[in-house]
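Enquirer: Sequence below, structure please.
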Amino acid sequence: MSETILALAAGFIVGVLFSAIKLPIPAPPVLPGVMGIFGVYAGGIFYQWLVERFFT
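Expert: Predicted coordinates:
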């Protein structure tokens, strides 16, 4: 849980800093960004399942 809070805090600070110096926020649009993160997570879970199922 502390990693989640630290990631949220870091993202918040980066958002504030980028907005303060008038730069575009370094993130993709909301839905595509969330789907990309979900895809990376799902791929990692699938890989672990694949290795456990077929290679152990």
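
Enquirer: Need the contact partners of stretch 25-43.
Expert: Applying C-beta atoms under 8 Å, 6 or more residues apart in numbering, the contact partners of stretch 25-43 are 14-15, 18-19. Every C-beta, even on glycine, is put in place using the N, C-alpha and C of the backbone.

Enquirer: In helices, which of the residues you listed fall?
Expert: Judged by DSSP state H, the contacts of stretch 25-43 include 14-15, 18-19 as members of helices.

Enquirer: Please enumerate the helices of this structure.
Expert: 2-20, 30-54.

Enquirer: now the ones in helices among the contacts of stretch 25-43 in TSV, with pLDDT?
Expert: Shown next, in TSV, are the ones in helices among the contacts of stretch 25-43 (pLDDT from 0 to 100):
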residue	pLDDT
14	89
15	87
18	91
19	91
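
Enquirer: which of those are buried?
Expert: Among the ones in helices among the contacts of stretch 25-43, none scores as buried (criterion: 16 or more other C-beta atoms under 10 Å).
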